[in-house]
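Trainee: Whatever this is, show me its structure:
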Amino acid sequence: MKQTFLGIDVGTSSMKIVLIDEDKNVLARISEDYEIRLSDKGWREIDPESWYECMEHGLNRILKSHDRSSVAGIGITGQMHTLVVMGEDGKPVRPAMMWNDTRTQDLIPALKERIKHFPEGEYLSRIISTGSPAANLYWLALHEPENFKRIHKFLIGPDYLVYRLTGVYGTDYCEASTSCLYELEGRRWSEEMRKLIGLSKEAYPNVRGAAVAAGNLTEETARRFSLNRGTQVLVGTGDNPATAVSTGCLGRGYPVISLGTSGVLMMPVEKPQDQDCGKVILFSFDDTEYSYLVQGAVQSNGNAFAWAVRMLCGGEDFSRVDSLVDTVRARENEILFYPHLMGEKTLYADPTLRGAFIGLGGETKRGELLYAVMEGLCFAFRELAEKMKLPLKRFGSVKVVGGGARSGMWMQTMANVLNIRVEKMDGMIGSAFGIALLAAWRCGNGDPADAAGIAEKTVKVDQVFEPQEEMAAVCREKYRKYLRIHRALKYIDTGRA
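Mentor: The predicted structure is shown next:
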């Protein structure tokens with residue numbers, strides 16, 4: 001009987017679960033939705049137990065027609081930065097504070113100044129932003145001191161489900177290194193940040209490699225899910241490294257764009273100190289070898305596209321969008337869309353930044369607005385690549401994954417704007433698949449010395465989009481105008497460019 005492996009991805013608004021066999025074949029995949037709590041104060045929260053309930057329902061669905069006794073390993077990945085604080089009773093002290101929560105925006109400028117002189121403080125002060133675990137812990141200490149005092153251990157996103165399955169607190173190098181609580185060079189939690197926030201050393205989770213086993217299922221969870229007690233659960237990692245594994249980006253070293261709720265551009269680098277834009281992820285499979293992955297985000301990506309479709313089409317039927325765009329009119333379209341509807345972290349570190357349409361006329365049609373939205377998002381990725389100093393041209397292509405990749409118009413526009421070949425990857429590729437591959441590798445299905453080969457024979461290009469010479473020239477000229485929008489908006493808002 002072949003072994004099987006589960007990959008679980010805790011997303012912003014849904015959970016994806018994949019079941020694969022030891023030959024890396026996808027046997028089943030499902031999605032489960034949940035809702036986060038929103039407030040007009042910028043709060044974004046969720047009860048972590050909602051994830052567990054969602055996982056339980058999802059596992060019962062996906063394993064209904066598969067032999068549960070064959071499950072040998074479970075990998076869990078998901079949204080990075082989301083903060084979960086645990087009490088001594090092993091239960092969350094309060095709802096999780098999401099990665100896109102902006103309640104700390106007024107605290108960030110002062111925090112940046114305070115941490116500049118810490119070890120690696122220049123880097124930490126640059127990357128700390130709303131939604132960072134460090135910022136949210138600081139906010140808790142100021143505004144919810146009673147809850148802060150109750151913190152026995154903090155976890156980040158998917159770490160919570162690893163704890164619920166195994167009873168073990170922990171996190172991986174990715175989650176630690178992007179928390180603004182960790183020193184990359186020394187590979188340790190920052191003592192200065194700990195003292196600034198006021199946490200005890202005991203509140204910090206142990207940091208281990210993503211493919212290391214956190215532990216086996218507890219008796220209770222094994223019984224509850226009718227799985228073997230010896231089933232291994234990985235430490236796991238954030239969704240971006242898991243996607244990087246599944247695409248071959250982490251193993252083979254090429255750039256990948258992920259078009260999810262937020263859009264992410266990532267690529268391995270050898271010298272993270274050369275990066276003055278974007279976050280550096282420290283990653284390890286096994287606690288013995290370490291690598292770096294640099295990532296930058298377009299914070300309003302899938303949510304900006306969904307907003308446009310909802311407003312312009314009266315619903316969220318994304319399948320109709322491409323058919324509404326007139327390619328001839330697109331070539332003549334002078335409308336510009338600035339996509340930063342919810343602030344911007346990587347490019348401008350400005351949570352107050354908002355979007356705009358520019359160039360509207362009485363004759364403007366719906367399809368032109370939809371095209372402008374796609375084009376504006378592609379411009380944001382071009383600006384991101386330039387400021388992160390990622391040499392996309394050197395690779396000759398960029399691979400694209402995520403829900404947005406289903407739009408052929410979006411992919412062709414990306415090729416035109418970046419003026420580079422865009423390779424849309426097979427639909428099975430993604431973070432849930434990547435973490436399932438890690439679970440299979442951990443359990444002996446693959447060369448233990450060849451972490452780069454984990455995704456071998458699974459990386460498949462579904463469709464290729466070459467830049468169209470005429471449209472690439474049009475996009476190049478419009479991009480020059482696009483780059484002026486930020487200064488214009490700041491001038492309108494403050495009177496200063």
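Trainee: quick one: the strands in the stretch 101-250 of the chain?
Mentor: 153-156, 171-172, 182-183, 188-189, 207-208, 213-216, 232-234, 237-238 (DSSP state E, counting those that start in this stretch).
Trainee: Same list (the ones you listed) but as JSON lines, adding mean pLDDT and distance to residue 437.
Mentor: For glycine as for every other residue, the C-beta is placed from the backbone atoms N, C-alpha and C. Output for these, formatted as JSON lines (pLDDT from 0 to 100; distance: least, C-beta to C-beta, whole Å):
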{"stretch": "strand 153-156", "mean pLDDT": "98", "distance to residue 437": "22"}
{"stretch": "strand 171-172", "mean pLDDT": "98", "distance to residue 437": "16"}
{"stretch": "strand 182-183", "mean pLDDT": "95", "distance to residue 437": "26"}
{"stretch": "strand 188-189", "mean pLDDT": "96", "distance to residue 437": "29"}
{"stretch": "strand 207-208", "mean pLDDT": "98", "distance to residue 437": "18"}
{"stretch": "strand 213-216", "mean pLDDT": "97", "distance to residue 437": "15"}
{"stretch": "strand 232-234", "mean pLDDT": "98", "distance to residue 437": "11"}
{"stretch": "strand 237-238", "mean pLDDT": "96", "distance to residue 437": "12"}
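Trainee: the longest helix in this structure is where?
Mentor: helix 366-387 (DSSP state H).
Trainee: That helix: which residues count as buried?
Mentor: For helix 366-387, a neighbour-count test (16 or more other C-beta atoms under 10 Å) marks 367-385, 387 as buried.
Trainee: and what of stretch 390-404?
Mentor: Within stretch 390-404, the residues that count as buried by 16+ other C-beta under 10 Å are 390, 392, 397-404.
Trainee: chain center to it, what's the gap?
Mentor: How far stretch 390-404 lies from its chain's middle: 16 Å, per C-alpha atoms, centre = their mean, to the nearest Å.
Trainee: Can I get that stretch in CSV? Just the C-alpha atoms.
Mentor: Extracted C-alpha coordinates of stretch 390-404, given in CSV (Å, rounded to 0.1, in the frame of the first residue of the first chain):
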residue,chain,number,x,y,z
LEU,A,390,15.7,41.4,-9.2
PRO,A,391,17.2,40.8,-12.6
LEU,A,392,14.1,39.2,-14.3
LYS,A,393,15.5,39.7,-17.8
ARG,A,394,18.5,37.5,-16.9
PHE,A,395,16.2,34.6,-16.4
GLY,A,396,14.3,35.2,-19.6
SER,A,397,11.0,34.4,-18.0
VAL,A,398,9.0,34.5,-14.8
LYS,A,399,6.7,31.7,-13.5
VAL,A,400,3.3,32.7,-12.2
VAL,A,401,0.9,30.8,-9.9
GLY,A,402,-2.2,31.6,-7.9
GLY,A,403,-5.9,32.4,-8.6
GLY,A,404,-5.1,35.5,-10.8
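Trainee: Any chance you could list what contacts that stretch?
Mentor: Residues from elsewhere that reach stretch 390-404 (C-beta atoms under 8 Å, 6 or more residues apart in numbering): 243, 246-249, 254-260, 263, 265, 267, 294, 301-302, 305, 318, 377, 385, 410-411, 414, 418, 420-425, 429-430, 461.
Trainee: For residue 245, the count of nearby residues, please.
Mentor: Neighbours of residue 245 under the rule other C-beta atoms under 10 Å: 31.
Trainee: sorry, back to before: any chance of the buried residues of stretch 390-404 in a markdown table, plus distance to residue 62?
Mentor: Converted to a markdown table, the buried residues of stretch 390-404 look like this (distance: C-beta to C-beta, whole Å):
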| residue | distance to residue 62 |
| --- | --- |
| 390 | 36 |
| 392 | 37 |
| 397 | 33 |
| 398 | 32 |
| 399 | 27 |
| 400 | 26 |
| 401 | 21 |
| 402 | 21 |
| 403 | 20 |
| 404 | 25 |
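Trainee: Of all pairs in the residues you listed, which one is the farthest apart?
Mentor: Put simply, by C-beta to C-beta the two of those set farthest apart are 390 and 403, 22.7 Å from each other.
Trainee: any idea how far residue 162 lies from residue 210?
Mentor: With distances taken as C-beta to C-beta, to the nearest Å, residue 162 is found 11 Å from residue 210.
Trainee: so what sits against both of the two?
Mentor: Common neighbours of residue 162 and residue 210 (C-beta under 8 Å, 6+ apart) are 234-236.
Trainee: Among these, name the buried ones.
Mentor: 234-236.
Trainee: Pass me the low-pLDDT residue ranges in the stretch 351-497 of the chain, would you?
Mentor: 427-428, 448-449, 452, 497 (pLDDT under 70).
Trainee: what ranges do the helices span in it?
Mentor: For the stretch 351-497 of the chain, the helices defined by DSSP state H, counting those that start in this stretch occupy 366-387, 392-395, 408-418, 431-442, 469-482, 485-494.
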